[in-house]
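**Student:** just coords:
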């Protein structure tokens, strides 16, 4: 359940996604405290985390992103200065609205569609304008994707 997934769990999931590829939804079920401590103290994880940075308000406010999933789904994501977010799947006329915020340096978005509540969670990369994110749909891990800042 999303309510039980901590920020640390989400970071570990992003690490696993970036180093091992696509995540299975059951990846979140069994991250014990002991396993989390072991992963977060490994040299690979420490190097991965050193390549990350905090998002900041000026970079996100009034920005436009391209979200790409590994299932081939693409959407435009607009983050307005008012902290409103608009998700527009490409080749569809629908728009989904929500809000974005930065908490502890992580970009979080909550978006409502007619049938689902969607949460996006991302950490910024130092060396790129492409950032990995986790997609949660109705409090369940639905997959991972990348967001690319459109300049």
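**Tutor:** Everything's here; your move. Because the structure is a prediction, the values reported are computed rather than measured.
**Student:** For the longest strand seen in the chain, name the packing helices and strands.
**Tutor:** The longest strand of the chain (DSSP state E) is strand 140-149. Strand 140-149 is packed against helix 7-20, strand 63-69, strand 117-122, strand 130-137, with contacts defined by 3 or more CB pairs under 8 Å, 6 or more residues apart in numbering; DSSP states H and E. To be clear about C-beta, it is placed using only N, CA and C from the backbone, and glycine gets the same treatment.
**Student:** The second one: what's the following helix or strand?
**Tutor:** Helices and strands here follow DSSP states H and E; after strand 63-69, the next one along the chain is strand 74-79.
**Student:** what is the nearest residue to residue 89 once chain neighbours are set aside paired to in the beta sheet?
**Tutor:** Using CB to CB, 6 or more residues apart in numbering and skipping residues adjacent in sequence, the residue nearest residue 89 is residue 75, 4.5 Å away. Beta bridges link residue 75 to residue 67, residue 89, judged by DSSP bridges.
**Student:** Determine the number of other residues adjacent to residue 75.
**Tutor:** 21 (other CB atoms under 10 Å).
**Student:** From residue 54, how far off is it?
**Tutor:** 24 Å (CB to CB, to the nearest Å).
**Student:** per-residue confidence averaged over stretch 55-75?
**Tutor:** Averaging pLDDT along stretch 55-75 gives 90.
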